[in-house]
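Trainee: mind folding the following:
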Amino acid sequence: MHMTGTRRLLAVVMASGTCVAAARPQVMVGTQLTLYPGDGEGAPAWIQQDRRLTLHAGKQTVWLGELAQRLDAGALMLRFAGDSGVHLASIAVPPAKRGVQALMAEALGKPIKVLGSGGEVLASGTLVQIQDGQLLVRQGNGTIRLVSGAVELPAGVGWPAPGARARVSLDAARAGAYTAQLAYPSAGLGWHAGYSLVLASGHQCRATLQARAVIVNQSGTDFRDASVTLLAGTIHQPGRLAPPFIMAAALPAPPAPGIPAQGDLAGYRRYALPQRLTLADGVTIQEPLYPGASLDCTRELVLGQRRSPAYPESKPYFLPGPEQGALGAPRIELSLRAPHNLPAGSIRVFQADADGAVHFIGGDTLPDLRRDDRARIVLGNTYELRALRTRTAWHLAGPVLTEGLRVRLSNRGPRAEHVILYVHPDRWRNWHLVEASLRPRQMDPDTLVWSIPVAAHGESTLDYTLRYDATPVTGPAGQNP
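Mentor: Model prediction:
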């Protein structure tokens, strides 16, 4: 029968077969988290904590709880002050217990009752050990009994905090309270930048940019009242390496309330959050990186790739190919200058409709951007415009090819547009533009760029002719270039 102030378990959960000893008092004093770009699955976070331990003189075993379940156990380090007289013998991280197993582990060293199927008391005393589905109980008269059955736990035994535990063997010269520094890497903790860009209504491209740090904790434990530093940049991580011990330093004052202090750290960008955070396991939180910024932008409709493909290296590509092919719908691109250093992350763009409702209209990913770098955001493909390319001329005379092409743009939409067309003459490295119905706005050794106006509910056509010459040219060293 259930008794007030106790908790009954109807069965004993099988333990792993190893003996489990009672935990000694230990208190977590402070936590410092250094988080790296990723969603928690990539680079491991560095976790540093101060643990206050109450030790007796001589050799002993203590348990450190609330560790990340996804920690790198081979890199876990615990350090005492050099003059403390405490020497570390070994650290072991057993498999983390969950559910009823974890609850029973918390009951070690505490008084319990083991009941039979009829409610009779089979044993009453201190739980000493759990092994192979049985309980070792030291009774009030000093005898030890090995039993199994339903278990009543005292009210003080609760579900343990999430996370793994480490068993530490120590040798202390004298009894007392000591503070040790604990450090280890763990997967499941990371951050990325999240940006929102809200476009203003009207014909001019104006927008408001909001930048936030999105922090994800999937480490398997909670971190309470933690100092958090975010690093931005491409950071190489070794395989398994013990972290250095870094003492906490005073943080510079934040530039504005709630905004991280930004600075350089070994060539990376460092964002020190101005307030401590509590990160529960499984939580995703957002913290501001910068104040909102109003800025100018440019909207373009673009066909073709901005970057050129490689030229053929062995021989020219002089096969005609299809006479006609759809180039598809131009993509919608926004470009803007970064108002701050913007760490890599995702950006979502919004705009209000005629009724004032704000809608998501596309998104992209941003690389790491320095202040004043140009950012390009591809939102999607326009609905009303289409492009078709047709071959209008083909003349091959030995190593010389003359090819005429036509690009026809049709616009079914209610407003006039300009389409930016990128062309990369890629049949051979030696080419020139013979003629074009529109003057290109850019021409370099591997790219032609046109800006083609298209009227509302109208069409536009671009005709151009390219000539390729694969005649061998002997250089100074007697080799073809």
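
Trainee: what about Gly74, how many neighbours?
Mentor: 13 (other Cβ atoms under 10 Å). All C-beta spots, glycine's among them, are computed from the backbone N, C-alpha and C.

Trainee: assign it to helix, strand or coil.
Mentor: Here Gly74 is recorded as helix under DSSP: H, G, I helix; E, B strand; the rest coil.

Trainee: that one and Val93, how far apart?
Mentor: Distance from Gly74 to Val93, counting by Cβ to Cβ, to the nearest Å: 9 Å.

Trainee: please apply the same query to Ser124.
Mentor: 33 Å.

Trainee: for these two, indicate the residue with more neighbours.
Mentor: Val93 (19 against 15).

Trainee: grab the nearest non-local neighbour of the more buried one.
Mentor: Ala73 (4.0 Å; Cβ to Cβ, 6 or more residues apart in numbering).

Trainee: and what of Trp46?
Mentor: Nearest to Trp46 is Thr34, by Cβ to Cβ, 6+ apart, at 4.3 Å.

Trainee: which ones are touching the one you found?
Mentor: Neighbouring residues of Thr34 by Cβ atoms under 8 Å, 6 or more residues apart in numbering: 45-46, 48, 229, 231.

Trainee: switch to 10 Å and redo it
Mentor: 44-48, 185, 189, 227-231, 243, 246, 265, 270 (Cβ atoms under 10 Å, 6 or more residues apart in numbering).

Trainee: what's the answer for Asp222, then?
Mentor: Contacts of Asp222 (Cβ under 10 Å, 6+ apart): 66, 68, 161-163, 278-283.

Trainee: may I see these arranged in CSV, with secondary structure, distance to Leu409 and pLDDT as well?
Mentor: Below are these laid out as CSV (DSSP: H, G, I helix; E, B strand; the rest coil; distance: Cβ to Cβ, whole Å; pLDDT from 0 to 100):
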residue, secondary structure, distance to Leu409, pLDDT
Glu66, strand, 62, 87
Ala68, coil, 56, 89
Ala161, coil, 63, 60
Pro162, coil, 59, 63
Gly163, coil, 60, 72
Thr278, strand, 56, 92
Leu279, strand, 52, 92
Ala280, coil, 54, 90
Asp281, coil, 54, 89
Gly282, coil, 50, 89
Val283, coil, 49, 91
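
Trainee: neighbour count for the residues you listed - can I get that in CSV?
Mentor: CSV is the format used below for the contacts of Asp222 (neighbours: other Cβ atoms under 10 Å):
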residue, neighbour count
Glu66, 20
Ala68, 27
Ala161, 15
Pro162, 20
Gly163, 22
Thr278, 13
Leu279, 23
Ala280, 12
Asp281, 17
Gly282, 13
Val283, 14
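
Trainee: ok so, going back, filter the contacts of Thr34 to the buried ones?
Mentor: With neighbours counted by 16 or more other Cβ atoms under 10 Å, these contain buried members at 44-48, 185, 189, 227-231, 243, 270.

Trainee: tell me the one of those residues nearest Tyr468?
Mentor: Tyr468 has its nearest neighbour among the buried ones among the contacts of Thr34 in Leu231, at 49.1 Å by Cβ to Cβ.

Trainee: picking up where we left off before, out of the contacts of Asp222, which one sits closest to Ala175?
Mentor: Glu66 (24.5 Å).

Trainee: so that closest one sits right up against Thr221, yeah?
Mentor: Yes - using Cβ atoms under 10 Å, Glu66 is in contact with Thr221, at 5.3 Å.

Trainee: and Gln204, how many residues sit next to it?
Mentor: Close neighbours of Gln204, defined as other Cβ under 10 Å, add up to 9.

Trainee: phi and psi next, for it.
Mentor: With angles defined as degrees, to the nearest 10, Gln204 sits at phi -80, psi 150.

Trainee: that one: what's it in contact with?
Mentor: Each residue near Gln204 by Cβ under 10 Å, 6+ apart is listed here: 296-297, 299.

Trainee: a markdown table please, covering these and showing neighbour count and distance to Ala177.
Mentor: Shown next, in a markdown table, are those (neighbours: other Cβ atoms under 10 Å; distance: Cβ to Cβ, whole Å):
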| residue | neighbour count | distance to Ala177 |
| --- | --- | --- |
| Asp296 | 11 | 60 |
| Cys297 | 19 | 59 |
| Arg299 | 17 | 64 |
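
Trainee: reduced to three states, what does His192 come out as?
Mentor: Following three-state DSSP, the label given to His192 is strand.

Trainee: check contacts around Gly116.
Mentor: Gly116 touches 122-123, 147-150, counting by Cβ under 10 Å, 6+ apart.

Trainee: what's the answer for Cys297, then?
Mentor: Counting by Cβ under 10 Å, 6+ apart, Cys297 touches 197, 199-200, 204-207, 209, 334-337, 349, 375, 377.

Trainee: most neighbours among those, which one is it?
Mentor: In the contacts of Cys297, the most neighbours by other Cβ under 10 Å go to Leu197, 25 neighbours.

Trainee: from what I can see that one touches Val349, true?
Mentor: Yes - counting by Cβ under 10 Å, Leu197 touches Val349, with 4.7 Å between them.

Trainee: identify the contacts common to these two.
Mentor: Shared contacts of Leu197 and Val349 (Cβ under 10 Å, 6+ apart): 207, 297, 334, 361-364, 377, 379.

Trainee: name the helix or strand for Ala387, please.
Mentor: Assessed by DSSP states H and E, Ala387 sits inside strand 385-397.

Trainee: give the contact list for the residue nearest to Val93.
Mentor: With Cβ under 10 Å, 6+ apart, Ala73 has these contacts: 67, 91-94, 164, 166, 184, 186, 240.

Trainee: for Trp63, see how far away it is.
Mentor: According to Cβ to Cβ, Ala73 and Trp63 sit 14 Å apart.
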